[in-house]
Structure formats: structure tokens, C-alpha cells
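J.: Model the structure of this input:
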Amino acid sequence: MIEARRFIEAARDHGFTLYCGVPCSFLKPFINYVIDSDELRYVGAANEGQAVAIAAGAELGGLGSVAMFQNSGLGNAVSPLTSLTHPFNVPVLLIPTLRGDPDGAADEPQHELVGKITTDLLEMMQIPWAYFPSNEADIGPALAQAVAHMETNSRPYALVMRKGSVAPTDLKTEPESVSPVSHPAPPLVPTGKRQDMLRAIQAASLPDDVIVATTGYTGRELYACEDRPNQIYVVGSMGCASSLGLGLAIACPERRIIVIDGDGAALMHLGALCTIGHERPTNMLHILLDNGLHESTGGQATVSHSIDFCAIAAASGYPHTLSVAKPEELSAEIAERKEALSFVHVPIFPGIPEQLPRPAMAPAEVAVRLRTFLGAEMTTR
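T.: Predicted structure coming up:
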């Protein structure tokens with residue numbers, strides 16, 4: 001058994017300063033230590049996939065990051081681990097726990113199967129792993145092996161934590177209370193299509209902004225409007241663009257991060273709004289283009305027509321929420337550059353341009369280009 005501070009301080013020497021996660025009793029000492037530290041940051045994610053996406057965004061922005069969660073939620077992280085960190089070559093250190101350890105003491109029945117297949121799942125996702133060190137002498141070698149893989153392959157590495165690996169650590173910090181914001185707003189009628197709004201965003205944004213486009217037609221249309229080095233087209237990992245944007249906003253507080261979301265993607269990870277609203281990065285602008293359809297994946301309707309996205313964002317803690325329907329209104333909102341986390345809901349008509357191209361650059365090349373734009377080197381060392 002080791003003390004949490006021994007591993008975390010050694011990890012900090014390798015550049016890991018941001019921890020994103022979903023609690024597990026095995027991880028309690030880790031989480032408590034990071035929360036109490038003035039030099040580290042903990043972001044509590046709504047789900048395991050969001051933890052991976054936040055960590056990936058922060059790593060792209062130059063901040064070494066760890067995603068940690070109970071192995072029962074590893075399935076929630078499969079999408080970003082296979083379609084975000086893998087194609088974009090983003091090395092995130094993973095610490096999944098091993099509830100239901102087949103070689104350990106009896107555990108709750110719901111952990112039995114996942115305990116048997118946890119390491120198999122990692123191997124199927126081509127994520128090398130080792131057991132989390134339970135002796136102080138093993139901390140250095142374990143981190144060295146993880147960092148070596150991450151530096152060489154630009155991919156995640158997992159340290160699987162067994163029960164009793166870390167000694168208890170009491171939490172001293174009181175939970176932070178963040179009040180929601182009310183936002184009564186009438187529904188608006190669309191006036192343009194996705195491409196009209198994307199052109200407005202590009203026209204009003206500044207050269208040092210970072211633009212994160214959600215998967216599907218949004219990224220492809222943004223690319224078709226104009227490919228820029230400050231843009232990243234989030235292929236796959238549907239619903240994770242806003243969490244990736246949060247990670248970037250944390251890592252790059254001097255830059256504005258503009259996230260272009262879709263109604264289907266936002267609904268898939270609606271809990272992300274709660275995490276973002278709690279963190280409240282003042283440099284993040286979250287734009288949701290809402291056509292009421294899963295247009296990129298079949299054209300079936302979403303349930304967006306029956307909900308109020310601005311009310312949800314406000315209730316989640318976004319200080320500024322607004323609905324606009326015209327490209328010029330969206331441009332004006334972007335040009336104002338508020339020093340507060342903002343959410344803009346934009347109803348749009350369905351429809352895509354003919355012969356819509358796909359980005360000519362591979363995701364890994366897009367990630368390298370964005371790192372160069374940000375001046376962010378690989379964070380592990």
C-alpha cells in the first residue's frame with residue numbers, strides 16, 4: 001500500500017497536473033489529495049467518457065492529464081478511447097480500478113463480470129496496461145514505463161488499480177457551491193442552415209481563438225467553409241466535443257475556446273453541460289446548432305423540439321445563455337467576447353451542401369497542427 005501523495009507527486013514530476021474522473025472507493029485517496037492540493041486540479045466528470053475527453057482536450061492544450069474511474073464505467077469510455085484518443089494520437093494516463101478482481105476478495109455481484117474482462121477490454125482497445133503500484137519502490141518504474149509508451153506511441157496507457165493499493169486520505173476542502181441561473185426565453189424560428197452559421201462563426205472569431213467542431217457534418221462543413229490551423233474536427237466520440245473544449249479551456253486560459261455542438265451530440269452527453277457549468281471557464285463559448293435531427297447519421301429526429309437547451313444550460317451553471325436565429329446575431333455575440341462561460345442556442349434548417357468534402361488531413365495530423373498552433377508540446381516527459 002502506498003500513500004496517494006507519493007504517486008501523485010511523482011506523476012507531477014512527469015507533467016501530470018490535471019485529474020478528471022468519476023469516483024470509486026479505490027480512488028478516494030487520490031481524489032481527496034488532488035482536491036486539497038493548490039498545485040493540482042480535479043474535474044469531476046458526469047461520466048467516464050467525459051473524463052477521457054476532458055483529459056484529452058487538456059493534453060492537446062499542453063497539460064498532462066489523468067482520467068480515472070471505476071472499471072464498471074470503462075464501457076462508457078470506449079467511444080472516446082477508440083475514436084478520439086486513438087485517431088488523434090492523444091496520450092492520456094488512465095487509472096481504472098479493478099472491482100470484481102478475479103484474484104481478489106469477493107465483491108458485489110454487479111462487478112463480477114467486468115472484473116474478469118477489464119484487462120481484456122483494454123487489450124482489445126490496444127491500450128497497454130500494468131497493475132497500479134502498491135509499493136513505493138514500484139512507483140518510479142511504473143510511471144517511467146507508462147510515460148515511455150505515451151511518448152513513443154502518443155496513445156493512452158492504463159494503470160489498473162486493485163483494492164488496497166492506496167492508503168486512506170481525508171478530504172479537508174469543503175465542496176464548492178455554484179448557483180444556477182434562470183433563463184426564460186421564447187423559442188425562435190430558424191433563418192439559415194448550418195453552413196450560414198459556420199461562416200458567421202469564422203467571420204467573427206479572432207485568429208487566436210480555437211474552434212472545436214463536433215463530429216459529422218458540422219466538422220466537414222466547417223472544413224469546407226475554410227480550413228484553418230486553429231480548428232479541430234472531432235471525428236467520432238459523439239457528444240464529447242464540449243468536454244474536449246473544456247479540457248482545452250482549462251489548459252489554455254489565455255485563449256478563447258469556441259465549441260460548435262449539435263443537438264444530437266449534446267443530448268448524448270447532456271451531463272457534460274453540468275460539469276462545464278460547474279467549472280465555468282470564462283474563456284469558453286459553447287454554440288449549439290440545432291436542426292432537430294441526427295442529420296449526420298441517418299436523418300432521424302432528435303427530441304430537441306420538446307426541450308429548452310438554454311434553460312438546461314442556465315440551470316447547469318452557465319452564467320450567460322442566449323438564443324439567436326440569424327447569422328448576423330450570432331456574429332455579434334461572438335464579436336462581443338464576453339469574459340464569462342457562454343451558451344448560444346441556434347435553431348437551423350436541415351440540409352447540407354452538395355459534394356461535401358471530408359478533411360484531407362488525418363485526425364492525427366489535425367492534432368499535431370493544433371498543437372503547433374497552440375505552441376503545446378507533448379505533455380509527458
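J.: What strand or helix carries Cys20?
T.: strand 16-21 (DSSP states H and E).
J.: Check which element follows that strand along the chain.
T.: Next element after strand 16-21 (DSSP H and E): helix 28-36.
J.: State the mean pLDDT of that following helix.
T.: For helix 28-36, mean pLDDT rounds to 93.
J.: what angle sits between that helix and strand 16-21?
T.: If you take axes from the mean of the first three to the mean of the last three CA atoms, to 10 degrees, helix 28-36 sits at 120 degrees to strand 16-21.
J.: What lies in contact with helix 28-36?
T.: By CB atoms under 8 Å, 6 or more residues apart in numbering, the residues outside helix 28-36 that reach it are 3-5, 7-8, 19, 21, 23, 40-42, 68, 95, 166-173. Placement of C-beta: from N, CA and C, glycine included.
J.: How about Met268, nearest residue that isn't a chain neighbour?
T.: Distances taken as CB to CB, 6 or more residues apart in numbering put Gly239 closest to Met268, at 3.5 Å, once the chain neighbours are dropped.
J.: Then Pro133?
T.: Nearest to Pro133 is Ala142, by CB to CB, 6+ apart, at 4.5 Å.
J.: Over to the one you found. Which of the three states is it?
T.: helix (DSSP: H, G, I helix; E, B strand; the rest coil).
J.: what's the burial count for it?
T.: Counted by other CB atoms under 10 Å, the residues lying close to Ala142 total 20.
J.: if we can go back for a sec, what's in contact with the strand holding Cys20?
T.: For strand 16-21, contacts defined as CB under 8 Å, 6+ apart pick out 27, 30-31, 34, 39-45, 50-52, 54-55, 58, 63-69, 93, 95, 247, 250-251, 379-380.
J.: Just the buried subset of those, written out for ChimeraX, thanks.
T.: The following ChimeraX line selects those of those that are buried, judged by 16 or more other CB atoms under 10 Å:
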select :27,30,31,34,40,41,42,43,44,45,50,51,52,54,55,58,63,64,65,66,67,68,69,93,95,247,250,251,379,380
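J.: from the contacts of strand 16-21, which ones fall inside helices?
T.: Among the contacts of strand 16-21, the members falling in helices are Phe30, Ile31, Val34, Gln50, Ala51, Val52, Ile54, Ala55, Ala58, Gly247, Ile250, Ala251 (criterion: DSSP state H).
J.: Make TSV out of the residues you listed and add distance to Ile260.
T.: TSV is the format used below for these (distance: CB to CB, whole Å):
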residue	distance to Ile260
Phe30	34
Ile31	32
Val34	31
Gln50	18
Ala51	22
Val52	20
Ile54	18
Ala55	21
Ala58	19
Gly247	16
Ile250	19
Ala251	19
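J.: Met361: which of the residues you listed is nearest?
T.: Closest approach between the ones in helices among the contacts of strand 16-21 and Met361, by CB to CB: Gly247, at 21.1 Å.
J.: Distance of the closest one relative to Gly49?
T.: 13 Å (CB to CB, to the nearest Å).
J.: One more: Gly164?
T.: 27 Å.
J.: now Phe30
T.: Per CB to CB, Phe30 is found 20 Å from Gly49.
J.: next one: Phe373
T.: Remark: distance between Phe373 and Gly49 (CB to CB) = 26 Å.
J.: if you count what's nearby, which of these two comes out ahead?
T.: A count of neighbours by other CB under 10 Å puts Gly49 above the other of Phe373 and Gly49, at 31 against 17.
J.: got the contact list for the more buried one?
T.: Per CB under 8 Å, 6+ apart, neighbours of Gly49: Asn76, Ala77, Val78, Ser79, Pro80, Ser237, Gly239, Cys240, Ser243, His269.
J.: Export those as a markdown table, with columns for pLDDT, secondary structure and distance to Lys338.
T.: Shown next, in a markdown table, are the contacts of Gly49 (pLDDT from 0 to 100; DSSP: H, G, I helix; E, B strand; the rest coil; distance: CB to CB, whole Å):
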| residue | pLDDT | secondary structure | distance to Lys338 |
| --- | --- | --- | --- |
| Asn76 | 93 | helix | 32 |
| Ala77 | 96 | helix | 33 |
| Val78 | 97 | helix | 36 |
| Ser79 | 95 | helix | 32 |
| Pro80 | 97 | helix | 29 |
| Ser237 | 89 | coil | 28 |
| Gly239 | 92 | coil | 25 |
| Cys240 | 94 | coil | 25 |
| Ser243 | 97 | helix | 21 |
| His269 | 93 | coil | 24 |
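J.: Sweet, I'm off.
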